[in-house]
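Engineer: Give me coordinates for this.
(one chain, ligands or ions: 1)
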Amino acid sequence: MSEAPTPAPEKRRRFQAIKGVRDLLPPETTLWNRVEQTAHQVFATFGFGEIRLPIFEPTELFARAVGADTDVVSKEMYSFDDRDETSISLRPEATASVCRAYIENGMQQLPQPVKLYYLGPMFRRERPQKGRYRQFYQIGAEVLGGGDAPAIDAEVIQMLMAFFDKINLSGTTLYVNSIGHSADSCRRGYVETLRTALQGVKEKLGADSQRRIDTNPLRVLDSKLESEQAIIETLPHISDHLCDDCRVNYAAVKSELELRGVIYKENWRLVRGLDYYMRTTFEITAQGLGSQNAVCGGGRYDGLVELLGGPPTKGIGFAIGEDRLILSLQEGAKATDASAEQSAGTSLRSLTVYIAWMGERAYATAVRAAKDLRNAGFSVELPPVAQKFGKALGQADKLGAKFALILGDNEVAEGLWTLKTLSDGTQSKLAEPALIEHLRASI
Ligand code: HAM
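Structural biologist: Down below sits the predicted model:
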C-alpha cells in the first residue's frame, strides 16, 4: 500500500476564522443556551411565537427597508451576485425579513396583532472590537398589525425588561425618545430646523457630521466624538417640535411604562441608525461593555410593511445584541463572586458523574451504568480506556465532575459501588438500584 503524499507546504496552511467572526465554545455556550431558553419562555408568556427566517435575502429588501443611505446598507452589508446575477445580502438585521414574511405569508389575515420573535446570526462589516463583530447574534421581537396603541409600545418594552430581569442582567438603563411622525410631517420640520442649526456650527464639527448635515442631520445627534458633545447639547430638541398627535402619543407611551413599573430615562438624542423608525425609539445599555454598551435597540416603524408592498400595518419591535448581553453577564459575574458566575452558567461544573473503572468485568458494568445514568438525565463521562484510579480521579477533578463512580472488579463482584463526592472526598457504598435516587437527592 502506498502512503498518501505529504501535501506541499502551501497546502498545509492553518486556517483561521475570518476577521470579526468567532467560534463560541463550551462552557460559554451553556450560557448562550440558557439565555435563549429564557427568551423562549418569557416571550411565550407574552404571546409571541418564534419565526425562523432566511439568512440571506434580496439586497433590495434591506436597501428599501433599512435605507440605501444608512451605514448598515451602504457600507456594512455582505452582498454578492447569485448565479442568476440577482444581488443577495447576508441579513444585517431581521425586521425587514419579518415584514417581508408577514406580507408573503398573508399574515394580515391572522388575528392581529401578529407577535413574532427570532434568534440568530446577523452580518455587518463593521470595524471589529469588544462587543462588535461581523457575525453577531440577535434576539428580536416584532408586533405587526393590531393598531398603534401606546400600550403596545409599553408592553414590548416591559417584555424586554422582564427578560433581562429573568436572566439577572444588572446595570441596565432604558432610554426612550420619540422621533416624531413620518418624514413628511413633524419630523421633516424638525430636520430642517436641525439642519439650519447645524449649518451655523458646521466649522466646529468633524468631517462625518459635516457630511451628515446634508445627507441625514439626525445622525449627527448619534455622534460619539468628544469634541462635538458640547456643540450637540446646544442643538434644538425634537420634543419641542413634535406635532400634537406625536406629543400626546409620546406622553401616553411614558405613562403606560409607568403603569407597568418600567423605569426609563428620556434621551432626546436617541434617533437610531435605521431609516424605518418613527415615534417611539428606545435603547438599553448594560454594564461592562465599554463603548459598545447598547445591548438592545428598537422602536416603532408604522410605514414599513406598506413600503415593502404590503397593506398599511403598524409595527414595533426590538433586537437584543446577544454577544453583548453575554459579555455583560460575564462581566457582572466577575464583578461579584463565584456563585454569581455559576448562576450565569459559565461554570465548567456541568459534569455530574465521572466513571472511574478498571478491569474487563467492571467495564461492562460501567457501560451499563453510564447508559442508565444518562437515561435518568445525568451528565456522565465514561473514559474509553481503563486508567489507574488515581489518574481517573485526577481527570474527574479537572473536568469538574461532582462525583466519581468507582467501579473495580471488587465493587462489581460485591454488587456495591463506591460513589465519591469530589468536593469533600466523602465516599458511600451503594447498591446499583439505589444510585440514581442517591444522586437525585444529593444534587
Ligand atoms: P440595531 O440597533 O441595529 O437594531 O441592532 C440591535 C442590537 O444589535 C444593538 O443594540 C447591538 O446590541 C446589536 N448589534 C448591532 N450590531 C452589532 C455588531 N456588529 N456586533 C455585535 N452586536 C451588534 C436593529 O437591528 C433593529 N432591527 C432592531 C429592531 C427590531 N427595531 C425594531 N424591531
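
Engineer: For the residue of the stretch 151-300 of the chain found nearest the ligand, list each beta-bridge partner.
Structural biologist: As assessed by C-beta to the nearest ligand atom, the ligand sits closest to residue 297 within the stretch 151-300 of the chain, at 3.0 Å. All C-beta spots, glycine's among them, are computed from the backbone N, C-alpha and C. With DSSP bridges as the criterion, residue 297 is bridged to residue 283, residue 319.

Engineer: That one: how many residues sit nearby?
Structural biologist: The tally of other residues near residue 297 (other C-beta atoms under 10 Å) stands at 22.

Engineer: Kindly report the same for residue 261.
Structural biologist: Residue 261 has 8 nearby residues by other C-beta under 10 Å.

Engineer: cool, and the one 4 residues further on?
Structural biologist: For residue 265, the neighbour count with other C-beta under 10 Å is 11.

Engineer: what does residue 125 give?
Structural biologist: By the criterion of other C-beta under 10 Å, residue 125 has 16 neighbours.

Engineer: from memory it sits against residue 77, does it?
Structural biologist: Yes. The pair residue 125 and residue 77 qualifies as a contact (C-beta atoms under 8 Å) at a distance of 7.2 Å.

Engineer: so where's the stretch 151-300 of the chain uncertain?
Structural biologist: Applying pLDDT under 70 to the stretch 151-300 of the chain flags the ranges 183-184.

Engineer: What segments of it are strands?
Structural biologist: 173-178, 265-266, 278-285, 294-300 (DSSP state E, counting those that start in this stretch).

Engineer: show me what contacts the residue of the stretch 251-400 of the chain at minimum distance from the ligand?
Structural biologist: Using C-beta to the nearest ligand atom, the closest approach of the stretch 251-400 of the chain to the ligand is made by residue 321 at 2.1 Å. Applying C-beta atoms under 8 Å, 6 or more residues apart in numbering, one finds that residue 321 lies in contact with 131, 136, 137, 138, 294, 295, 296.

Engineer: and if you look at residue 25?
Structural biologist: Contacts of residue 25 by C-beta under 8 Å, 6+ apart: none found.

Engineer: how much space between it and the ligand?
Structural biologist: Residue 25 sits 18 Å away from the ligand, going by C-beta to the nearest ligand atom, to the nearest Å.

Engineer: separation between that residue and residue 17?
Structural biologist: Remark: distance between residue 25 and residue 17 (C-beta to C-beta, to the nearest Å) = 12 Å.

Engineer: Same check on residue 262?
Structural biologist: Computed as C-beta to C-beta, the residue 262 to residue 17 distance reads 39 Å.

Engineer: of those two, who's got more company?
Structural biologist: Taking other C-beta under 10 Å, residue 262 and residue 17 do not tie; residue 262 has more neighbours (18 against 9).

Engineer: How about the contacts made by the more buried one?
Structural biologist: The contact partners of residue 262, by C-beta under 8 Å, 6+ apart, come to 154, 157, 158, 161, 174.

Engineer: sorry, back to before: save the strands of the stretch 151-300 of the chain as TSV, and put in distance to residue 142 too.
Structural biologist: Putting the strands of the stretch 151-300 of the chain into TSV (distance: least, C-beta to C-beta, whole Å) gives the following:
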stretch	distance to residue 142
strand 173-178	18
strand 265-266	24
strand 278-285	14
strand 294-300	9
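
Engineer: what residues does the stretch 101-250 of the chain put near the ligand?
Structural biologist: For the stretch 101-250 of the chain, the contact set with the ligand under C-beta under 6 Å from any ligand atom comprises 124, 126, 131, 132, 133, 136, 138, 140, 142.

Engineer: how about those in JSON lines, adding pLDDT?
Structural biologist: Shown next, in JSON lines, are these (pLDDT from 0 to 100):
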{"residue": "124", "pLDDT": "98"}
{"residue": "126", "pLDDT": "96"}
{"residue": "131", "pLDDT": "95"}
{"residue": "132", "pLDDT": "97"}
{"residue": "133", "pLDDT": "98"}
{"residue": "136", "pLDDT": "98"}
{"residue": "138", "pLDDT": "98"}
{"residue": "140", "pLDDT": "98"}
{"residue": "142", "pLDDT": "98"}
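
Engineer: count of neighbours near the residue nearest to residue 40 when sequence neighbours are not counted?
Structural biologist: Counting by C-beta to C-beta, 6 or more residues apart in numbering, residue 40 lies nearest to residue 50, which is 7.1 Å off, once chain neighbours are set aside. Residues lying near residue 50 (other C-beta under 10 Å) number 13.

Engineer: Quick check: bridge partners of residue 50?
Structural biologist: In this entry, residue 50 is beta-bridged to residue 117, by DSSP bridges.

Engineer: Out of the residues of the stretch 101-250 of the chain next to the ligand, which sit inside helices?
Structural biologist: Judged by DSSP state H, helices contain none of those.

Engineer: rewinding a little: mind checking how far the residue of the stretch 251-400 of the chain closest to the ligand is from residue 215?
Structural biologist: In terms of C-beta to C-beta, residue 321 sits 26 Å off from residue 215.

Engineer: what helix or strand does residue 350 sit in?
Structural biologist: For residue 350, there is no host helix or strand (DSSP states H and E).

Engineer: brain fart, residue 418
Structural biologist: Using DSSP H and E, residue 418 sits in strand 416-421.

Engineer: what mean pLDDT would you report for the next helix or strand after that strand?
Structural biologist: Sequence order places strand 427-431 as the next helix or strand after strand 416-421, per DSSP H and E. For strand 427-431, the mean pLDDT works out to 94.

Engineer: so strand 427-431 versus strand 416-421, what angle?
Structural biologist: For strand 427-431 against strand 416-421, the angle by axes from the mean of the first three to the mean of the last three C-alpha atoms, to 10 degrees is 140 degrees.

Engineer: What segments of the stretch 301-443 of the chain are strands?
Structural biologist: Counting by DSSP E, counting those that start in this stretch, the strands of the stretch 301-443 of the chain are 315-321, 353-357, 380-381, 403-407, 416-421, 427-431.

Engineer: Determine how far the fourth one lies from the middle of the whole chain.
Structural biologist: Its chain's average C-alpha position is 39 Å from that of strand 403-407, according to C-alpha atoms, centre = their mean, to the nearest Å.

Engineer: Find the residue ranges of the stretch 1-150 of the chain scoring beneath the pLDDT cut-off.
Structural biologist: In the stretch 1-150 of the chain (pLDDT under 70), the answer is 1-7, 9-10.

Engineer: So for the residue nearest in space to the middle of the chain, what's the nearest residue that isn't a sequence neighbour?
Structural biologist: In the chain, the residue lying closest to the centroid (C-alpha atoms, centre = their mean) is residue 322, at 1.9 Å. Nearest non-adjacent residue to residue 322, counting by C-beta to C-beta, 6+ apart: residue 137, 3.9 Å away.

Engineer: Where does the stretch 101-250 of the chain get nearest to the ligand, which residue?
Structural biologist: Ranking the residues of the stretch 101-250 of the chain by distance to the ligand (C-beta to the nearest ligand atom) places residue 136 first, at 3.4 Å.
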